[in-house]
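Trainee: kindly return the folded structure for what I paste below:
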Amino acid sequence: MSLGDADAKFPGQAPDAIPPSPSRENPGQVYPKSDPKAAPPESIPGTGGGHQPKTIVGNPFALEESFVKLDQALSEIISTIEGEEKSMGAASNEQAVIQKLKGWQMELKYMRAGNWQKQGQGNGTPQAGGLFVD
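Mentor: Below is the predicted model of the structure:
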């Protein structure tokens, strides 16, 4: 620690400026190191400048709870279809439906991890074949 650091009011700040006069509100003459550049608008609370929300829902816990319910519902549908396959035999498109539902579960897993774009897929590129064909 140098002698200049010992006189500084904040760690790592050298006393290269004149401190404010002692007052009742600031008797220790503490002052932060200032930056000549203005703060970016998105960093100032309440200004709304350049603000991009971090989540698509205001309450991330409610979103996570909904994702859990959706994952449970997809698992229930898959197990129901697989159970019917064992008791009644497989329909012609049953495996395609199961694969589609499992794909949705994987997409949901990526979304819950914060990746809103499916791995290995660009924006808006359809998968091969659809569930229903006209």
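Trainee: give me every residue that touches Gln72.
Mentor: Applying Cβ atoms under 8 Å, 6 or more residues apart in numbering to Gln72 gives no contacts. Where you see a C-beta, it was placed from the backbone N, CA and C, and this is true even at glycine.
Trainee: same question, the one 10 residues further on
Mentor: Taking Cβ under 8 Å, 6+ apart, we find Glu82 in contact with Ile98.
Trainee: quick check: which element contains it?
Mentor: helix 60-88 (DSSP states H and E).
Trainee: buried ones in that helix?
Mentor: Ile78, Ile81 (16 or more other Cβ atoms under 10 Å).
Trainee: what's the model's confidence in it, averaged?
Mentor: Average pLDDT, helix 60-88: 89.
Trainee: so, low pLDDT: which residues of this structure?
Mentor: Counting by pLDDT under 70, the ranges of the chain that qualify are 1-17, 32-34, 44, 46-55, 90, 116-134.
Trainee: show me where it has helices.
Mentor: According to DSSP state H, the chain carries its helices in the segments 3-7, 60-88, 94-112.
Trainee: export those helices to a markdown table and append columns for distance to Pro36.
Mentor: A markdown table is the format used below for the helices of the chain (distance: least, Cβ to Cβ, whole Å):
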| stretch | distance to Pro36 |
| --- | --- |
| helix 3-7 | 21 |
| helix 60-88 | 37 |
| helix 94-112 | 42 |
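Trainee: now Pro22: phi and psi?
Mentor: Main-chain dihedrals, Pro22, degrees, to the nearest 10: phi -60, psi 140.
Trainee: measure Asp71 to Gly83 for me?
Mentor: 18 Å (Cβ to Cβ, to the nearest Å).
Trainee: quick one: terminal-to-terminal distance for stretch 21-35?
Mentor: By Cα to Cα, to the nearest Å, the extent of stretch 21-35 from end to end equals 20 Å.
Trainee: pull out the buried residues from it.
Mentor: Buried residues in stretch 21-35, counted by 16+ other Cβ under 10 Å: none are found.
Trainee: one step back: nearest approach to Pro27 belongs to which of the helices of the chain?
Mentor: Counting by Cβ to Cβ, Pro27 lies closest to helix 3-7 out of those; the figure is 16.5 Å.
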